[in-house]
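S.K.: sharing a sequence plus its predicted fold:
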Amino acid sequence: MFSPNQQQQMQVQVKYGGVNPVGIIKKKIDEVVLWPWQKQQQKKKLKLVGGGLSVSPMGFGTWAWGNQLLWGYQQSMDPQLQTIFNLALRNGINLFDTADSYGTGQLNGQSEKLLGTFISQFQGNEVDNIVIATKFAAYPWRLTPNQFVNACKSSLDRLQIERIGIAQLHWSTANYAPFQERALWDGLVAMYDQGLVEAVGVSNYGPKQLPKIHHYLNQRGVPLSTAQVQFSLLSMGEDQMEIKSICDSLGIRVIAYSPLALGMLTGKYTPANLPRGPRSLLFRQIIPRMEPLLISLKEIAEKRGKSIPQVAINWCISKGTIPIPGVKSVKQAEENLGAIGWKLRSGELDELECAARDSPAKMIQNVFQTT
Ligand SMILES: NC(=O)c1ccc[n+]([C@@H]2O[C@H](COP(=O)([O-])OP(=O)(O)OC[C@H]3O[C@@H](n4cnc5c(N)ncnc54)[C@H](OP(=O)(O)O)[C@@H]3O)[C@@H](O)[C@H]2O)c1
């Protein structure tokens, strides 16, 4: 006979395929909830322009869910990813970002497929308000609006839902294939007009290209709800700030991707402790040159009784964006949930931004971002 404690431990092991994530053995993991006062604040949702969509002040990113090359994904992680999904929904997070190109090699589309499975197996009515933001890749063979409509239908199949929450163009082709750009824009219009999507957004559109698509969509009666850009304490250059102010003036919400600079703003990596895979090449160059920022993050985290990732994510929220940190473990998800429900003070924002400016290293700009 096993004691109740041993039985619980075995249930956790079954759920995680034999892996015991630190610190959660004694809890019933699907039911980890925050303190009532935190939950209260997280119920607050942000309205998107046009339509009736509201999203939580932070979403979760799912690029890693299916990506072996950069993120070391393995299918044995799926039960843990499902627990993350359940945990997030139960704690007021209703925004999940994905893309039709997420998933490497034979796992292409895996991120959307996993979300589809998790949505269909979720027990509870929180799932009724879920907002899936997916992105459509501007593959060179997608040359007509109808091809984007078909891509949208394929995403809907993988996601097992009837409508996409936010349909985003993953990147603009304006820099290298301007003739394709109109097909992208008309593709969004067609998805919206056919009722396949509740709202539309863009990703990696720069300060020149963004007003153009906004104007075009506006003329076609389609509100542009969101613009997704790389935005963090390591990525707050002139272009990013200009994009933010353009969005503010046009009523577009900014979704901040890579808010933890791929993990560098968690404080857990050092030149002697680099992640496996291609990230190590980037981190080796940047981490030694972001010391002032890491020191400031640590000081503020200690003073506020928060962790470094919580402060880094909260900075994005305090700047008026919706961060979508990527999460790979229940521990990370629990920690990142603690980034909402409070706000950095203006003096702390100044300190962090000064330290970021004093740090010679910055994130490399995504090559897909246009001017
Ligand atoms: N539109 C675009 O072109 C674009 C581009 C990039 C990303 N995105 C979206 O934005 C999302 C987030 O960006 P991202 O995944 O690139 O990077 P990120 O959010 O800056 O970093 C995520 C990574 O940091 C680590 N991490 C997260 N929380 C942690 C915690 N509390 N403690 C310690 N480590 C933690 C995890 O990796 P390790 O544990 O392996 O360190 C995690 O995968 C993506 O998932 C995707 O949905 C969009």
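M.R.: Structure received. It should be emphasised that the depicted structure is a prediction, and the values quoted were computed from it without experimental measurement. Numbering: from 1, shown residues only.
S.K.: which parts of the stretch 51-200 of the chain are helices?
M.R.: 68-71, 78-90, 110-121, 145-159, 178-193 (DSSP state H, counting those that start in this stretch).
S.K.: of those, which approaches the ligand most closely?
M.R.: helix 68-71 (6.0 Å; CB to the nearest ligand atom). No exception for glycine: its C-beta is placed from N, CA and C like everyone else's.
S.K.: flag every buried residue along that closest one.
M.R.: Buried residues in helix 68-71, counted by 16 or more other CB atoms under 10 Å: 68, 71.
S.K.: pull the distance from that helix to the chain's centre.
M.R.: 17 Å (CA atoms, centre = their mean, to the nearest Å).
S.K.: so what's the closest residue to Asn175 other than its chain neighbours up against?
M.R.: Distances taken as CB to CB, 6 or more residues apart in numbering place Thr370 nearest to Asn175, at 5.4 Å, with adjacent residues excluded. Neighbouring residues of Thr370 by CB atoms under 8 Å, 6 or more residues apart in numbering: 171-172, 174-175, 204-206, 208-209.
S.K.: need the max-distance pair from the residues you listed.
M.R.: Trp171 and Lys208 (14.4 Å; CB to CB).
S.K.: what parts of the stretch 151-300 of the chain come near the ligand?
M.R.: Within the stretch 151-300 of the chain, the positions near the ligand by CB under 6 Å from any ligand atom are 203-204, 228, 257-263, 266, 268, 275.
S.K.: only the buried subset of those, as a ChimeraX command please.
M.R.: To isolate in ChimeraX the members of these that are buried, counting by 16+ other CB under 10 Å, one can use:
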select :203,204,228,257,258,259,260,261,262,263,266,275
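S.K.: sort out for me which of the residues of the stretch 151-300 of the chain next to the ligand are in strands.
M.R.: Residues from these lying in strands, with DSSP state E as the criterion: 203, 228, 257.
S.K.: pLDDT added to those, as a markdown table?
M.R.: Listed next are these as a markdown table, based on pLDDT from 0 to 100:
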| residue | pLDDT |
| --- | --- |
| Ser203 | 98 |
| Gln228 | 98 |
| Tyr257 | 98 |
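S.K.: now do the same for Lys15: its pLDDT.
M.R.: On pLDDT, Lys15 comes in at 33.
S.K.: cool, and the one 5 residues further on?
M.R.: Looking at Asn20, its pLDDT reads 31.
S.K.: then Lys26?
M.R.: So, for Lys26, pLDDT stands at 32.
S.K.: spatially nearest residue to whichever residue of the stretch 251-371 of the chain sits closest to the ligand (excluding sequence neighbours)?
M.R.: For the stretch 251-371 of the chain and the ligand, the shortest gap (CB to the nearest ligand atom) falls at Gly326, measuring 2.5 Å. Spatially, and ignoring its direct neighbours in sequence, Gly326 is nearest to Gly61 (4.2 Å; CB to CB, 6+ apart).
S.K.: that neighbour: how many residues sit nearby?
M.R.: With neighbours defined by other CB atoms under 10 Å, the count for Gly61 comes to 26.
S.K.: on that earlier part again, report the buried members of the contacts of Thr370.
M.R.: Buried among the contacts of Thr370 by 16+ other CB under 10 Å: 171-172, 174, 204-206, 209.
S.K.: in TSV: the residues you listed, plus pLDDT.
M.R.: Shown next, in TSV, are those (pLDDT from 0 to 100):
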residue	pLDDT
Trp171	97
Ser172	97
Ala174	95
Asn204	97
Tyr205	97
Gly206	96
Gln209	96
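S.K.: now, among those, which is nearest to Val311?
M.R.: Closest to Val311, out of all of those and judged by CB to CB, is Asn204, at 26.0 Å.
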